[in-house]
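predicted model and sequence follow; I will ask about them next.
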Amino acid sequence: MNNASRTRKRRLVADGADGAGLAAAATAADTAAAAGSAGEPGMDGAPIPNPARRSHWRGRLLVLSLQLLIVLVLAGLWEWLARTGHLSDPFFSRPTRIIPALWHGLATGGLRSALYVTLQETLVGFLIASGAGFLVGVLFYQLPLLERVWRPFVNAANNMPRLALTPLFVLWFGIGMEAHIVLVITMVFFVVLLNTLAGLRTASRDQLLLARVLGASRTKLYLRFLLPSAIPSVFAGLQLGLTYSFMGAVIGEIITGGQGLGAQIAVYSATYDSADVFADLLLMAIVATVLSGVINLLEARLLRWRRYELRAAR
Amino acid sequence: MIEIEALWHHYPTEEGTLRPAVQDISLRAESGEFIAVVGPSGCGKTTLLNVLAGLEPTQRGSVAVGGRAPAPGRRDVGYMLARDCLLPWNRAVDNAALGLEMHHVGRAERRRRATDMLGQVGLAGFEASYPAQLSQGMRQRVALARLFAAEPEFALLDEPFSALDAQSRVVVQDAFLKIWERRRSTVVLITHDLGEAITLADRVVVMSARPGRIKAVHQVELPRPRSAAALQADARFHAIYERIWADLQSEVQRAELERLPQSVGSEGS
């Protein structure tokens, strides 16, 4: 906010108070409070130095270096134990073998093609399941009777260990990506559905009353009132769903074999090729973190307003 | 014009009986008139307002707002509560424009009108702030801007200033008066604060303790434009206060006595 507009505002406030000292003082005080919390220029126009910003970056750097230190210490310990013979190579391998194995796998394309298969199963399954779960969640919210009728079945399906369905899916869809995608869908669908439903129900009574007295149409009610309230819960469901879908794809591959990372791990473990097993695991950890980071970014973008709520609560 | 004829309203109790909330209310607000309804808590004032807003059905009697039956979501009717009900995910300007948005006013036009209205309530420069960045008094002023930006012919207000501290209340009341005295929409204000009723209204309706009946109606002969802050020092203000308080006091005492044995079941505000 620039200085001119603030001066204009001050004059406007003074006019509005009709010279009542009490009123002008109260307004000036809450104006200053709000400006201060937002880190904006002060009343005299000079920027207020923000000590929080510098310590924020310093804190971040400290955390990053400590994290790096942990990785180095653990890797060093692992390497040392392996070289001194405390960890046997066929079972535990060691960092200086795993990193080259990862590099080699990515360079020759063996790891890349396996990753491509697993990622495809994960993402296709995740997108179908979260889209469908979201839509059914909205439908259940809109039609409570439907929800009441289906609730016990949904709960049962959600609570049952769905990995046990894998053999059946192989029977139905054969050994290939389809069976894994279907498995992923069964893992993710219910989580997203239930989180969407729970999220829609967090909309506050006040806001729903407001929507009603303002005459909000059904579309506006969802877009402007219900869905924004549901976003935190929906995203919690998506995060969990993503974890589940990666897990579903990899475990499906371990059980049935085929082309993906899980299938590779099954083969490498059976042949005591532990360096490649760990290379696969490392790759999966990296990919899962990146995917989860993408969802986090999307969520942070949609929930920008929440930063201020959290800051106010502190 | 708002016309209420012989309105009765009951709520079902947990025992399966009916509990009367308001009894035989007849009241008429002329176009551009500002009516304040005061009464002890539980006297059915909120029920009365919610019937006018169409949030409660008209059970018995007849009610017409601008010649039509009440209904929620009417464009010519505005409604405001003690809670600001701002959407936390919207900046002040979009919160103030929310009524216009629901009435399908174009984005540029509604933002222009909301910005103008925010200026009138003393929030110029805060258009881009989120509710969490604003003080409570400022949030209620955004709610005020939301009410007036939609230019309602009728404004139904349920304790809109009661959640504010004494100082910001005066500021928000004055912001309200300033806009209303130019617009002259027909207002029904529910309040438990007699001083507020006298400061703002043309007529003050005193309701009895539960079940709510109209006990008295007082004309407030104070010149406009008024200012909440200035009236504090006005002898006429205090004379009117004394006169109405004489009616109200006994009802407040009765309501307090009734409340002693059963403290539950108060009016949902």
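Everything's here; your move. Residues are numbered from 1 along each chain as shown, chains lettered A, B, ... in the order given.

contacts only, for residue B:86.
Under the criterion of C-beta atoms under 8 Å, 6 or more residues apart in numbering or on different chains, the neighbours of residue B:86 are B:95, B:131, B:139, B:142, B:143, B:146. For the C-beta atoms, the positions are set from N, CA and C on the backbone; glycine is no exception.

how about the last one, phi and psi?
Per-residue torsions, residue B:146: phi -60, psi -40 (degrees, to the nearest 10).

tell me the contacts of the nearest residue to it once chain neighbours are set aside?
Among residues not flanking residue B:146 along the chain, residue B:96 sits closest, at 4.9 Å (C-beta to C-beta, 6 or more residues apart in numbering or on different chains). Counting by C-beta under 8 Å, 6+ apart, residue B:96 makes contact with B:114, B:115, B:117, B:118, B:142, B:145, B:146, B:149.

near the fifth one, how many other residues are there?
What it means is residue B:142. A count of neighbours around residue B:142, defined by other C-beta atoms under 10 Å in any protein chain shown, yields 28.

so how far is residue A:286 from it?
46 Å (C-beta to C-beta, to the nearest Å).

any weak-confidence spans in the chain?
In the absence of a named chain, chain A is used. A:1-49, A:51, A:312-314 (pLDDT under 70).

ah, no, chain B please
Within chain B, the segments meeting pLDDT under 70 span B:260-269.

neighbours around residue A:50, how many?
10.

outline the domain layout of chain A.
What automatic domain parsing lists as the domains of chain A is A:3-37, A:101-313.

possible to save those as TSV with distance to chain B and mean neighbour count?
Listed next are those as TSV, based on distance: least, C-beta to the nearest C-beta, whole Å; neighbours: other C-beta atoms under 10 Å in any protein chain shown:
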stretch	distance to chain B	mean neighbour count
domain A:3-37	4	17
domain A:101-313	2	18
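
save the ones you listed as JSON lines, and put in distance to residue B:224 too.
Output for the domains of chain A, formatted as JSON lines (distance: least, C-beta to C-beta, whole Å):
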{"stretch": "domain A:3-37", "distance to residue B:224": "13"}
{"stretch": "domain A:101-313", "distance to residue B:224": "28"}
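
now do the contacts for the residue of the stretch 51-200 of chain B found nearest chain A.
Here the residue of the stretch 51-200 of chain B nearest chain A is residue B:73; by C-beta to the nearest C-beta that distance is 2.4 Å. Contact analysis of residue B:73 by C-beta under 8 Å, 6+ apart lists A:212, A:213, A:214, A:215, A:216, B:54, B:102.

likewise for residue B:71?
Listed by C-beta under 8 Å, 6+ apart, the contact set of residue B:71 reads residue B:54.

and it, backbone torsions?
According to degrees, to the nearest 10, residue B:71 has phi -160, psi 140.

same deal with residue B:2?
Main-chain torsions, residue B:2, degrees, to the nearest 10: phi -110, psi 130.

what's the burial count for it?
23.

who's in contact with the nearest residue to it once chain neighbours are set aside?
Excluding its sequence neighbours, the residue lying closest to residue B:2 (C-beta to C-beta, 6+ apart) is residue B:29, at 4.1 Å. By C-beta under 8 Å, 6+ apart, the residues touching residue B:29 are B:1, B:2, B:35, B:186, B:187, B:188.

keep only those of the residues you listed that are in helices.
Residues of the contacts of residue B:29 located in helices (DSSP state H): none.

ok, those vs residue B:248, which is closest?
residue B:35 (15.5 Å; C-beta to C-beta).

next, the contact list for that closest one, please.
Here residue B:35 is in contact with B:27, B:29, B:187, B:188, B:189, B:201, B:202, B:203, B:204, B:205 (criterion: C-beta under 8 Å, 6+ apart).

nearest to residue A:84 among those?
Ranked by distance to residue A:84 (C-beta to C-beta), the contacts of residue B:35 are led by residue B:189 at 83.5 Å.

with that, I have no additional questions.
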